[in-house]
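**Q** sharing a model that was predicted from the sequence below.
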Amino acid sequence: MSTLAEPILERDKERGRRRSLALRQGRVTQSQPKIGQPNIDNDGGSPPFSRLRRCFSSAYRCGYAFVVAPCSAEARTRQSYMAGCIRPKFGLPMCPLFAHASVKMKTITEAKIRDAVADLCIRANLYLRKDVLSALKKAFGRETDKRAKRSIKAIIDNAAIAKREKMAICQDTGMPVVFVEIGRQVKLTGDLKSAINKGVASGYGRAYLRDSIIEDPLSRGSASGAPVIIHTDIVKGNTLKLTVLPKGFGCENKSALKMFRPTAKLTEIKDFIVAAVENAGPDACPPYVVGVGIGGTADYASLLAKKALLRKIGVHSPQPTVNRLEQQLFKEINKLNIGPMGLGGKTTALAVHIETYPTHIAGLPVAVNLSCHALRSATLTL
């Protein structure tokens, strides 16, 4: 509750107690409202409409947002002159206004977003994700093929050198894909898109990361660091979550999409996903993290497949059917014998992650998005 609103509530409660006492002692009389007028509150004080309006005005000036509570049957009977009512809270009588102050608004500036994105670009490109590094070490322990073990050791050593020397893990610093989750109680000052693009340009410049983005996909031309891909979601709360995924195009070029008939069997879907990895072969720098999106539309399935790469390795889908499918595909893909860097072995994939979404009765989109062994992403919440 707002610290400014609390004194108002206490003051009104005290006024109500005094007036109730005066009524019992006969020092004042209870007047009845005229027809069509709202009743006064049950402790004899001023109408709750006026009381909460003062309280909310103060809370609003403090930067608080309000939530609406459902109207009870009792409230509708007693005070039908307004549509919404709430049960008594903080000592207040039944009242036809909006609910109490709940979540404080937060203001986030364009400069803060820009600086945060710049730092995330550097972190993602220089420091391999801990879950990816852990998966590589486990794969090294499982491998029996000597060439496969040497390849995995080289990948692990490369990540250690990049961290120590503050150098890019891979020369392909990717096309940055930025995922933004904006809380409903967040107020942004400035332009979000501009802040993100400036942040990427700043981060890539500070860390001497390769520019890989061309302005015109047809006429090509020289590369720069922007513009980037931005996906935005509106969520609860008063925070802003930023995730930067630098997506290298050796693996992005091996993406696959198929619009299945709704009658397609699960085996057909499994065959398509395994075939997508097999077709990539050694070209996308295995071992892979395989992201799969099922459902939605063609574009949304592709987005789900990319979002699946953000899930930590070792965390499986909470849906039993999808969980089993992930495990089955992981085993099938690792039987392909592509192995680390395409030299053979048990480790073609480090993980398979599947995300699903409702879809149309007439379709079944399935998308595959691969990541190379250097799966890079970094997240920060403001």
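**A** Okay, I see it. Numbers count the residues shown, from 1 in each chain.
**Q** any idea how far the longest strand along the chain is from the middle of the chain?
**A** Longest strand in the chain, counting residues (DSSP state E): strand 349-359. Mean C-alpha position of strand 349-359 versus that of the full chain (Cα atoms, centre = their mean, to the nearest Å) differs by 16 Å.
**Q** pull the CA atoms of the following helix or strand past it into CSV?
**A** As assigned by DSSP states H and E, the chain's next helix or strand after strand 349-359 is strand 364-371. Provided in CSV are the C-alpha atoms of strand 364-371 (Å, rounded to 0.1, in the frame of the first residue of the first chain):
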residue,chain,number,x,y,z
LEU,A,364,0.1,-28.5,-38.1
PRO,A,365,3.2,-26.2,-38.6
VAL,A,366,6.6,-27.7,-37.4
ALA,A,367,9.8,-25.6,-37.4
VAL,A,368,13.4,-26.5,-36.6
ASN,A,369,16.0,-24.0,-35.6
LEU,A,370,19.5,-25.3,-34.9
SER,A,371,22.2,-23.7,-32.8
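**Q** what pairs with strand 364-371, and is each one parallel or antiparallel?
**A** strand 256-260 (antiparallel), strand 288-296 (antiparallel) (DSSP bridges).
**Q** so how far is Asn279 from the nearest residue to Gly190 once chain neighbours are set aside?
**A** Nearest non-adjacent residue to Gly190, counting by Cβ to Cβ, 6 or more residues apart in numbering: Glu110, 2.6 Å away. Where you see a C-beta, it was placed from the backbone N, CA and C, and this is true even at glycine. Computed with Cβ to Cβ, to the nearest Å, the distance linking Glu110 and Asn279 is 43 Å.
**Q** for Arg376, give me the backbone phi and psi.
**A** Note on Arg376: its backbone torsions stand at phi -110, psi 130 [degrees, to the nearest 10].
**Q** what's around it, how many residues?
**A** 27 (other Cβ atoms under 10 Å).
**Q** cool, and the one 5 residues further on?
**A** Around Thr381 sit 12 other residues, with neighbours defined as other Cβ under 10 Å.
**Q** residue contacts, it?
**A** Applying Cβ atoms under 8 Å, 6 or more residues apart in numbering to Thr381 gives the contacts Thr239, Leu240, Lys241, Leu242.
**Q** let's see it at 7 Å
**A** Neighbour list for Thr381: Thr239, Lys241 [criterion: Cβ atoms under 7 Å, 6 or more residues apart in numbering].
**Q** check what pLDDT it gets.
**A** You'll see Thr381 listed with a pLDDT of 96.
**Q** quick check on it: phi, psi?
**A** phi -110, psi 130.
**Q** please tell me how far it sits from Gly339.
**A** Counting by Cβ to Cβ - Thr381 and Gly339 are separated by 38 Å.
**Q** can you check Ser371 too?
**A** 17 Å.
**Q** of these two, which one has the most company?
**A** With neighbours defined as other Cβ under 10 Å, Ser371 and Gly339 compare such that Ser371 has more, 27 against 22.
**Q** run through the bridge partners of that one.
**A** Val289.
**Q** again, but for the one 10 residues further on
**A** Assessed by DSSP bridges, Thr381 has beta-bridge partners Lys241.
**Q** ok, now which ones touch the residue nearest to Thr297 when sequence neighbours are not counted?
**A** Nearest residue to Thr297, sequence neighbours excluded (Cβ to Cβ, 6+ apart): Pro365, at 6.3 Å. Applying Cβ under 7 Å, 6+ apart to Pro365 gives the contacts Met259, Gly295, Gly296, Thr297, Ala298, Ala301, Thr359.
**Q** any idea how far Val290 is from Pro365?
**A** Distance from Pro365 to Val290, by Cβ to Cβ: 17 Å.
**Q** ok, now Leu303?
**A** Separation of Leu303 from Val290 (Cβ to Cβ) stands at 16 Å.
**Q** which SSE is immediately downstream of the helix or strand hosting Val200?
**A** Assigned by DSSP H and E, Val200 falls within helix 192-206. Proceeding N to C from helix 192-206, the next assigned helix or strand is strand 213-216, under DSSP H and E.
**Q** buried residues, that following strand. List them.
**A** Applying a neighbour-count criterion of 16 or more other Cβ atoms under 10 Å, one finds Ile213 buried in strand 213-216.
**Q** sweet, I'm off.
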